[in-house]
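Peer 1: sequence unknown, structure follows:
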């Protein structure tokens with residue numbers, strides 16, 4: 001897990017990039033929600049990323065597309081926002097996110 005210091009409460013919070021694809025991620029939206037930070041990494045690698053509200057207080061990544069328009073979240077074969085992102089995302093996406101958010105390292109806001 002990565003960690004960040006909350007700019008509001010100044011507590012150190014642990015989190016993982018997988019939570020950006022999970023309906024209950026980031027304390028079900030009650031903790032520091034890092035979905036846009038995860039999306040920014042993917043955008044910096046050339047992907048088109050859509051973030052949308054999921055429920056009343058959380059946000060998830062709902063789409064990742066290549067430059068050619070290929071959708072990388074296989075909505076037809078997963079239970080969206082409930083399945084583990086490591087199980088359905090392409091290996092190269094998992095590698096990009098693991099490299100950007102290594103276990104035990106701080107993500108500075």
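Peer 2: In hand now; what should we look at? Only a predicted model underlies this, so the values are computations on that prediction, with no experimental measurement involved. Residues are numbered from 1 along each chain as shown.

Peer 1: the helix or strand of the chain with the lowest mean pLDDT: which residues count as buried?
Peer 2: Counting by mean pLDDT, DSSP states H and E, the chain has its least confident helix or strand at helix 25-28, which shows a mean of 92. By neighbour count on 16 or more other C-beta atoms under 10 Å, the buried set for helix 25-28 is 25-26. For the C-beta atoms, the positions are set from N, CA and C on the backbone; glycine is no exception.

Peer 1: ok, and what's touching that helix?
Peer 2: 15, 18-19, 32-35, 55, 57-58, 60 (C-beta atoms under 8 Å, 6 or more residues apart in numbering).

Peer 1: dump those residues to a markdown table, plus distance to residue 26, secondary structure and pLDDT.
Peer 2: Below are the contacts of helix 25-28 laid out as a markdown table (distance: C-beta to C-beta, whole Å; DSSP: H, G, I helix; E, B strand; the rest coil; pLDDT from 0 to 100):
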| residue | distance to residue 26 | secondary structure | pLDDT |
| --- | --- | --- | --- |
| 15 | 6 | strand | 97 |
| 18 | 11 | helix | 97 |
| 19 | 5 | helix | 97 |
| 32 | 7 | coil | 92 |
| 33 | 4 | coil | 94 |
| 34 | 6 | coil | 96 |
| 35 | 7 | helix | 97 |
| 55 | 12 | coil | 75 |
| 57 | 10 | coil | 79 |
| 58 | 7 | coil | 89 |
| 60 | 10 | strand | 95 |
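
Peer 1: just the buried residues from the residues you listed, in ChimeraX please.
Peer 2: Buried subset of the contacts of helix 25-28, written as a ChimeraX selection, criterion 16+ other C-beta under 10 Å:
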select :15,18,19,32,33,34,35,58,60
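
Peer 1: most widely separated two among the contacts of helix 25-28?
Peer 2: Farthest pair in the contacts of helix 25-28 (C-beta to C-beta) is 18 and 57. Separation: 18.7 Å.

Peer 1: can you give me the strands in this protein?
Peer 2: 2-5, 12-15, 48-53, 59-65 (DSSP state E).

Peer 1: of all those, which one is nearest residue 79?
Peer 2: strand 59-65 (12.8 Å).

Peer 1: tell me what the closest one is packed against?
Peer 2: Helices and strands touching strand 59-65, by 3 or more C-beta pairs under 8 Å, 6 or more residues apart in numbering; DSSP states H and E, are helix 35-44, strand 48-53.
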